[in-house]
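Undergrad: heads up, no residue letters with this:
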């Protein structure tokens, strides 16, 4: 007996208009996204101002569209536009309307403040739903690729030589243009374009030089501010120490900047990893079960050692005050530990003293290092013993069960491994949008008791 197949008829039209609701899974996350966004008061939302009188898309619908698509790994404005045609949940969310990619991109750029407010209000909703009770938190950072090539970095000691070379090339092209004009040759029409490209590159290089010099001044100012922050009242600066004026700080020859995204930096996770043009994205994560992100921002440095206090300050007081803080060895500073230990209102710290603390691994897959760092400072020894204690191990193991899976989900499940926008403020807003979308999806998972 021959096989029977379902009749696939592509020509007969439907007798009645189709209903999107009938095609949509009633348990789809889109319902949770729409209800949550529409329940928020967001006066910060703005629409596109084109001045043509064309009706605008409702801003809360546009916000829900962004969050739903980001939560499902659709982040390009062109792909979001395509999703309004091809994906039933997105088509339902937009009411079968189809914002173009320019409208989506403009809305995303113009609503950084509203997205930050959405992040805050979403955590308050989580508290009302009994999903979140702030206590133990984990802090960590991850490198996210910038929207720029690492090969577009220019070193400070190369700028003057390149400027001289460009000046010589421009003079040579100018002379060739004059000869071509006198001879009335067609090749002379392309020379002005070549000159313009080199002049544009020379201007970019000069801007890069000024930016590197400004970064050197800002770096010196931050260094002095941090010294003042860490200095005890009983430990004033030595009278013989002369402080450098930050305005007099000079860049080192090896200092460099990226011509495409000057705010990004060359970073690598460890000596075993390669360099990449990236940003250092920070997150504070609830370690008591919800795995919700309580605070997020992009640091202006590739290192984490000065980011613990700023990260805690970013947590909204309305969400709650952390009582215990877990972080890896990248955040360790002696003065930081002393300051937290001496403040009765500060949360309790659990910091790994070394990056590869073999005592924290029951079975280590790598051979022991020939040279191990010997910890001699009493403050660091006390912290190490605190983490190594039986109670400390139970508490500290929450770190790898909370913040590390969050970064894994964002990069592997949501697919966010590179920023689309450029510039420090823009990537901060984009990271906040990604974390908001993650929180929304995580809350829906918890509400529907569907494990991640």
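TA: On my side now, so go ahead. A quick note: this is a predicted structure, and the numbers were derived from the prediction, not measured.
Undergrad: Let me know the pLDDT of residue 4.
TA: Note on residue 4: pLDDT of 84.
Undergrad: Can I take it that it is in a helix?
TA: No - the assignment for residue 4 is coil, going by DSSP: H, G, I helix; E, B strand; the rest coil, so no helix is present there.
Undergrad: Just give the number of residues close to it.
TA: Applying other Cβ atoms under 10 Å, we find 6 residues neighbouring residue 4. Every C-beta, even on glycine, is put in place using the N, C-alpha and C of the backbone.
Undergrad: Next up, phi/psi of it, please.
TA: phi -100, psi 140 (degrees, to the nearest 10).
Undergrad: Look up how far residue 10 lies from it.
TA: Using Cβ to Cβ, to the nearest Å, residue 4 is found at 19 Å from residue 10.
Undergrad: Also residue 211?
TA: 59 Å.
Undergrad: Between those two, tell me which one has more neighbours.
TA: residue 211 (16 against 4).
Undergrad: So the more buried one, which state does it fall into?
TA: Applying three-state DSSP: residue 211 is helix.
Undergrad: From what I see, it and residue 262 are in contact.
TA: Yes - with contact defined as Cβ atoms under 8 Å, residue 211 counts as touching residue 262 (5.3 Å).
Undergrad: quick one: low-confidence parts of the stretch 251-400 of the chain?
TA: The stretch 251-400 of the chain contains residues with pLDDT under 70 at 355-362, 369, 371-372.
Undergrad: Run through the helices of it in chain order.
TA: Here the stretch 251-400 of the chain has its helices, by DSSP state H, counting those that start in this stretch, at 308-314, 334-342, 378-388, 390-396, 398-408.
Undergrad: Let me see the domain layout of the protein.
TA: Using the TED database, the domain ranges for the chain come out as 20-129, 136-149+264-421, 152-231+243-258.
Undergrad: Figure out how far the shortest one is from the centre of its chain.
TA: Read that as domain 152-231+243-258. 28 Å (Cα atoms, centre = their mean, to the nearest Å).
Undergrad: and if you look at stretch 413-424?
TA: Using Cα atoms, centre = their mean, the offset of stretch 413-424 from its chain centre is 7 Å.
Undergrad: how far does that stretch stretch from start to finish?
TA: End-to-end distance for stretch 413-424, by Cα to Cα, to the nearest Å: 25 Å.
Undergrad: for stretch 85-102, same thing?
TA: The first and final residues of stretch 85-102 sit 16 Å from each other (Cα to Cα).
Undergrad: Run through who's touching it.
TA: 20-21, 23-25, 28-30, 33-34, 57, 61-62, 64-65, 68-69, 76-78, 80-81, 83-84, 107 (Cβ atoms under 8 Å, 6 or more residues apart in numbering).
Undergrad: just the buried members of the residues you listed?
TA: Listed as buried from the contacts of stretch 85-102 are 24, 29-30, 33-34, 57, 61-62, 64-65, 68-69, 77, 80-81, 83-84, 107; burial here means 16 or more other Cβ atoms under 10 Å.
Undergrad: now, which of the residues you listed lie within helices?
TA: If you go by DSSP state H, the buried ones among the contacts of stretch 85-102 have 29-30, 33-34, 61-62, 64-65, 68-69, 77, 80-81, 83-84, 107 in helices.
Undergrad: Residue 305: neighbour count?
TA: Residues near residue 305, counting by other Cβ under 10 Å: 13.
Undergrad: Surely it and residue 331 touch.
TA: Yes - counting by Cβ under 8 Å, residue 331 is a contact partner of residue 305 at 6.1 Å.
Undergrad: Wait, residue 147 touches residue 420, no?
TA: Yes - here residue 147 reaches residue 420: they are 6.0 Å apart, a contact under Cβ under 8 Å.
Undergrad: Show me which of these two is the more surrounded one.
TA: Ranked by neighbour count (other Cβ under 10 Å), residue 147 and residue 420 place residue 147 first, with 18 against 14.
Undergrad: That one belongs to a helix, doesn't it?
TA: No - counting by three-state DSSP, residue 147 falls outside a helix, being coil.
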